[in-house]
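K.L.:
pasted the sequence and its predicted model underneath.
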Amino acid sequence: MQATLKDLLARSDLFAGLTPTELEAIARACEPREFERDETIFAMLEPADGLYVIASGRVKVCVSSSGGKELILATLGPGQFFGEMALLDDAPRSATVVAQLPSSTYRIRRQDFDQLLESHPSIARKLLRELSLRLRRANAQMESLVTLDVVGRLARFFIDLARQHGQLLGNGWVAVRRPTHQDIANSIGTSRETVTRLINDLEQRGLVVNEGKMSYLREEVLRGEGE
Ligand code: CMP
């Protein structure tokens with residue numbers, strides 16, 4: 001178990017490149033936390049207890065309006081982390097995080113995380129790099145919400161999903177664990193009915209195949225050529 005955790009940390013966005021001894025010290029600070037599909041890991045505005053590293057599964061980061069409308073800001077998968085912002089700015093959680101698939105995570109408490117940041121400048125650098133990347137993605141999402149029509153936004157959604165969480169099969173197809181149509185709708189600012197209609201159209205054109213829990217996407221959809 002400990003070896004698996006060390007392997008995960010060694011491949012994670014935040015701790016890659018540290019020595020085995022350093023990874024062992026971080027592994028000792030990790031508490032396993034398991035979540036079922038659709039389980040809320042924490043809610044926006046809650047006080048922060050720690051940072052989470054994802055071992056398996058996928059989580060969605062979302063904000064909701066008082067009317068219950070949800071916007072999904074990002075989805076994160078194995079090796080990625082979340083829950084750093086409230087630790088860094090000493091404010092409540094900036095968003096709600098929900099397990100989109102059954103997910104195994106490790107939690108590092110605030111005090112241990114603070115110590116890690118102080119003793120390892122390389123972790124701080126990786127953290128800044130990832131925060132920049134997420135800001136770029138957030139900018140791109142804002143841009144696509146304002147400048148693209150819904151077909152373009154769906155194509156952009158699939159491109160991002162495949163790049164971040166997809167598996168290239170090498171035969172012109174990419175495999176991804178399928179999000180619900182509602183989650184896709186909440187990521188691109190449209191209704192579930194519109195997503196269902198557009199995906200049915202892509203299926204009829206042979207660009208998307210749904211099988212069990214998986215979706216298979218033709219690579220040309222990912223280049224925006226399926227529009
Ligand atoms: P925190 O504010 O502690 O809790 C919510 C977490 O969601 C936040 O830390 C980040 O880890 C993550 N998060 C918030 N906004 C975004 C975003 N735009 N892209 C990716 N992750 C985010």
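P.N.:
That came through, no problem. What you see is a predicted model; the values in this text were computed from it and never measured.
K.L.:
against the ligand, how distant is the closest residue to residue 109 other than its chain neighbours?
P.N.:
Excluding the flanking residues, the one nearest residue 109 by C-beta to C-beta, 6 or more residues apart in numbering is residue 50, at 4.4 Å. Heads up, the C-betas are built off the backbone N, CA and C, glycines and all. Look at residue 50 and the ligand: by C-beta to the nearest ligand atom, to the nearest Å, they are 9 Å apart.
K.L.:
spell out which parts of this structure neighbour the ligand.
P.N.:
Contact residues (C-beta under 6 Å from any ligand atom) of the chain with the ligand: 48, 61, 73-74, 82-86, 93-95, 97, 134, 138.
K.L.:
only whichever of the residues you listed are buried, select them in PyMOL.
P.N.:
Selection command for PyMOL covering only the buried members of the residues of the chain next to the ligand, criterion 16 or more other C-beta atoms under 10 Å:
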select buried, resi 48+61+73+74+82+83+84+85+86+93+94+95+97+134
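K.L.:
for the protein, what spans make up the helices?
P.N.:
Using DSSP state H, the helices of the chain run over 2-11, 20-28, 85-89, 110-119, 121-147, 150-165, 181-188, 192-204, 219-222.
K.L.:
pull the contacting residues for the residue most central in space within the chain.
P.N.:
Centroid-nearest residue in the chain, with C-alpha atoms, centre = their mean: residue 76, separated by 1.4 Å. Going by C-beta atoms under 8 Å, 6 or more residues apart in numbering, residue 76 touches 54, 58, 59, 61, 82.
K.L.:
thinking the second one is in contact with residue 105, fair?
P.N.:
No: Residue 58 lies out of contact with residue 105 (C-beta atoms under 8 Å); the separation is 11.1 Å.
K.L.:
look at these two and report which has more neighbours.
P.N.:
Legend: neighbour count by other C-beta atoms under 10 Å for residue 58 and residue 105, higher for residue 105 (25 against 22).
K.L.:
tell me the spacing between the closest residue in space to residue 216 that isn't next to it in sequence and residue 156.
P.N.:
Closest residue in space to residue 216, ignoring its immediate chain neighbours: residue 209 at 4.4 Å, by C-beta to C-beta, 6+ apart. According to C-beta to C-beta, to the nearest Å, residue 209 and residue 156 sit 20 Å apart.
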